[in-house]
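> kindly generate the corresponding structure for this input.
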Amino acid sequence: MDYRSKIKTVNETPLSSVSSRLDSLSKIILNNLDIELASEIIISHEIDNTLTRIGSFILIGEDSGWLSDKDKSEIWTLYKFIDSAPRKREISDGNFSEIEKAELIEIAKILNEINWSNINEFNEFLNATHEILDNSEK
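Coordinates of the predicted model:
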């Protein structure tokens with residue numbers, strides 16, 4: 001059985017970890033934007049954790065040989081989309097600027113268009129990734 005067949009059940013694979021991170025990221029962004037002195041830290045931490053999960057997923061797929069170059073490229077594009085989100089600055093008051101908040105809200109809304117917790121197969125994940133990337137270009 002190839003690895004793609006093994007990852008059909010989301011709860012038994014790294015895909016579930018990525019999906020759950022993506023599912024919670026938009027909620028954490030929207031629920032924590034206005035927390036005084038802590039919004040940058042909370043949101044930046046969640047973004048970094050999500051990026052780590054996506055990166056690990058790509059590396060596992062690459063090392064195992066089941067992730068095609070095309071699939072890898074698309075998932076890296078999702079990674080870059082999330083990586084474009086504003087994060088904690090070296091010198092800061094702990095809060096995002098209004099422009100940064102608007103950017104984060106836009107990213108959260110785009111991610112929130114997908115019910116990540118309902119993704120059960122790799123192809124569903126790729127389709128959701130396509131949808132996110134299409135919506136981010138509008």
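> biggest helix in the protein, by residue count?
helix 39-64 (DSSP state H).
> C-terminal to that one, what's the next element?
Counting by DSSP states H and E, the next helix or strand C-terminal to helix 39-64 is helix 69-83.
> now the residue most central in space within the chain, nearest residue through space, not along the chain?
Centroid check for the chain by C-alpha atoms, centre = their mean gives residue 22 as the closest residue, at 4.3 Å. Nearest non-adjacent residue to residue 22, counting by C-beta to C-beta, 6 or more residues apart in numbering: residue 116, 4.5 Å away. For the C-beta atoms, the positions are set from N, CA and C on the backbone; glycine is no exception.
> past the helix or strand of the chain with the lowest mean pLDDT, which element shows up next along the chain?
Least confident helix or strand, the chain: helix 3-6 with a mean of 48, by mean pLDDT, DSSP states H and E. Counting by DSSP H and E, the next helix or strand C-terminal to helix 3-6 is helix 14-32.
> gap between that following helix and the chain center?
Offset of helix 14-32 from its chain centre (C-alpha atoms, centre = their mean, to the nearest Å): 7 Å.
> kindly report the same for stretch 43-60.
Taking C-alpha atoms, centre = their mean, the mean C-alpha location of stretch 43-60 is offset from the chain mean by 7 Å.
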